[in-house]
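J.: Any chance you could fold what I've pasted below:
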Amino acid sequence: MIDIKLVRNDPDLVKENMRKKFQEDKLHLVDEVIELDAQLRAAIAEAGDLRNSRNTISKKIGGLMAQGKKEEAEQTKAEVAAIGPRLAELEEQEQSLSGQVRELMMGIPNIIDPSVPIGRGDSENVEVARYGEATQPEFEIPYHIDIIEDLAGIDLEGARKISGHGFYFLMGDVARLHSAVLAYARDFMINKGFTYCVPPFMIRGHVVSGVMSFAEMQGMMYKIEDEDLYLIGTSEHSMIGKFIDTIIKPDTLPQALTSYSPCFRKEVGAHGIEERGVYRVHQFEKQEMVVVCQPEDSPSWFDKLVKYTVECFRSLDIPVRSLECCSGDLADLKVKSIDVEAWSPRQQKYFEVGSCSNLGDAQARRLGIRIKGEKGNYFAHTLNNTVVATPRMLIAMLENNLNPNGSVRIPEALRPYMGGAEVIEPSRMNK
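T.: Next comes the predicted model:
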């Protein structure tokens, strides 16, 4: 949510930003906000005047009574009483108008960074850089499920029986590799100076609406029946919510946190859930990074967060590239975003494994996250980025480290987390 002062003072800039995001259907929101905001401020001003008048008149009553002017005092009391109904009406208007303005404001997208490329959708995202050599082995790389099944590492049928499509059992060495990746990513970020955290996996509705747009929430979040609780789609939701309605001391910033959680997503939309695969699933696990910082520091933190994800993947021998998200591919709360994609030698293309976002003060404004200032409190900036998300990281690792005989080389950085093992052998070689 942007500052309403910007809508009042520069509506053309706000509308132009909508056009850059190809959201012409939202242009009317700006005019509606301006009109309702004017009504709200008029109601507030009139209510303030009436309260001042009531206070001034009320002070006369005691003096009149002391002077024995009882009749005049009663008339003055009647004047005070007459103010009540109109004041109550205005207070009701304030509450109603304030809610309407907030609802409309939450539909107005954040102002994108000037560096963001203009484009309608993800097909117009711009490649920034590549890291590591994207190679194609001389032998054919099987589909990722075939690789995992050959390692006796997954049970899809068993998961379907108890949960349906989009779920899976990981088994044996593959399950251990999955846990090793998460443990390595945790320690990787701790070594970068981040504080490790395991957050709540369910959050209340007002936190959900603070960290993301209503449309995103509808397409992602699972709601707990008859409870004001939602399963988190990423630990960012809990981690940013941790700071709700707080005033942060400047000397405690930046807050750099890395969090582990399971993640739950509906995955509603065109992509859907694979019949046989674990690229897009309803439940997965992730190591996340979240930063709350001074507004002027968020651009440099954004660059660092992208760098950390790239460095983590390269330390596991996985080639990656970074893509700048174009204006039409940015969620409404984001100022700027870069996706990190891993190389798939099977598909001969890159696929998304993480996304780094600078949200400016949008989340902080929704959630009331302020920094204590000498001349008044002001809103913090928030950022988030994926360190690793499984099983996508597993897919990238298995494909890029597969040997011709079906065994999988364990990257050196992970071996301490795998009991020193250097390779995972296919099940047929263990018989």
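
J.: Show me what the helix or strand containing residue 147 is packed up against.
T.: Using DSSP states H and E, residue 147 sits in helix 144-150. Judged by 3 or more CB pairs under 8 Å, 6 or more residues apart in numbering; DSSP states H and E, helix 144-150 is in contact with helix 392-400. Yep, even glycine has a C-beta here, placed from its N, CA and C like the rest.

J.: which residues in the chain form helices?
T.: 4-9, 11-20, 27-66, 70-105, 144-150, 156-162, 172-190, 205-211, 214-220, 235-241, 298-315, 362-367, 392-400 (DSSP state H).

J.: For those helices, which has the smallest mean pLDDT value?
T.: When the helices of the chain are ranked by mean pLDDT, helix 214-220 comes last with a mean of 73.

J.: How about that helix, which residues are buried there?
T.: By 16 or more other CB atoms under 10 Å, the buried positions in helix 214-220 come out as 217, 220.

J.: so how far is that helix off the chain centroid?
T.: 12 Å (CA atoms, centre = their mean, to the nearest Å).

J.: Likewise for stretch 235-247?
T.: Offset of stretch 235-247 from its chain centre (CA atoms, centre = their mean): 11 Å.

J.: Using TSV, please lay out the helices of the chain together with distance to residue 127.
T.: TSV is the format used below for the helices of the chain (distance: least, CB to CB, whole Å):
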stretch	distance to residue 127
helix 4-9	32
helix 11-20	20
helix 27-66	31
helix 70-105	34
helix 144-150	24
helix 156-162	34
helix 172-190	24
helix 205-211	29
helix 214-220	25
helix 235-241	25
helix 298-315	13
helix 362-367	26
helix 392-400	18
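
J.: Of all those helices, which one is nearest residue 112?
T.: Distance to residue 112, taken as CB to CB, is lowest for helix 11-20 among these, at 6.3 Å.

J.: Extract the CA atoms of the closest one and return them as CSV.
T.: The C-alpha coordinates for helix 11-20 follow below in CSV (Å, rounded to 0.1, in the frame of the first residue of the first chain):
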residue,chain,number,x,y,z
PRO,A,11,-2.3,11.2,-9.0
ASP,A,12,-0.9,11.3,-12.5
LEU,A,13,2.3,9.6,-11.3
VAL,A,14,0.2,6.9,-9.6
LYS,A,15,-1.9,6.4,-12.8
GLU,A,16,1.2,6.3,-15.0
ASN,A,17,2.6,3.5,-12.7
MET,A,18,-0.6,1.6,-13.3
ARG,A,19,-0.2,1.9,-17.0
LYS,A,20,3.4,0.7,-16.8
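
J.: List the buried residues of that helix.
T.: 14-15, 17-18, 20.

J.: quick one on the thing from earlier: for residue 134, which of the helices of the chain is the nearest?
T.: Between residue 134 and the helices of the chain, the shortest separation by CB to CB is 9.2 Å, and it involves helix 392-400.

J.: before we move on, the earlier item: with the buried residues of helix 11-20 in mind, which one is nearest to residue 96?
T.: Within these, proximity to residue 96 (CB to CB) peaks at residue 14, which comes in at 23.5 Å.

J.: Out of the helices of the chain, which is closest to residue 196?
T.: helix 172-190 (5.5 Å).

J.: what's that closest one packed up against?
T.: Packing partners of helix 172-190 (3+ CB pairs under 8 Å, 6+ apart): strand 195-197, strand 255-264, strand 283-293, helix 298-315, strand 381-390, helix 392-400, strand 423-424.

J.: Could you check the angle that helix makes with strand 381-390?
T.: Note on geometry: by axes from the mean of the first three to the mean of the last three CA atoms, to 10 degrees, helix 172-190 and strand 381-390 are set 160 degrees apart in direction.

J.: quick one on the thing from earlier: in terms of distance to residue 77, which of the buried residues of helix 11-20 ranks first?
T.: residue 14 (48.4 Å).

J.: From residue 136, how far off is residue 150?
T.: Using CB to CB, to the nearest Å, residue 150 is found at 20 Å from residue 136.

J.: Compare these two (neighbour count), which wins?
T.: Ranked by neighbour count (other CB atoms under 10 Å), residue 150 and residue 136 place residue 150 first, with 18 against 11.

J.: Give the residue farthest from the middle of this structure.
T.: Most distant from the centre of the chain: residue 68, at 66.7 Å, with distances by CA atoms, centre = their mean.

J.: Pop out the phi and psi values for that residue.
T.: Residue 68 adopts backbone torsions of phi 80, psi 10, taken as degrees, to the nearest 10.

J.: circling back to that earlier point, and residue 348, which of the helices of the chain is closest to it?
T.: helix 392-400 (10.8 Å).

J.: Model confidence at the nearest residue to residue 408 once chain neighbours are set aside, what's the number?
T.: Spatially, and ignoring its direct neighbours in sequence, residue 408 is nearest to residue 424 (4.6 Å; CB to CB, 6 or more residues apart in numbering). The pLDDT attached to residue 424 in the predicted structure is 96.
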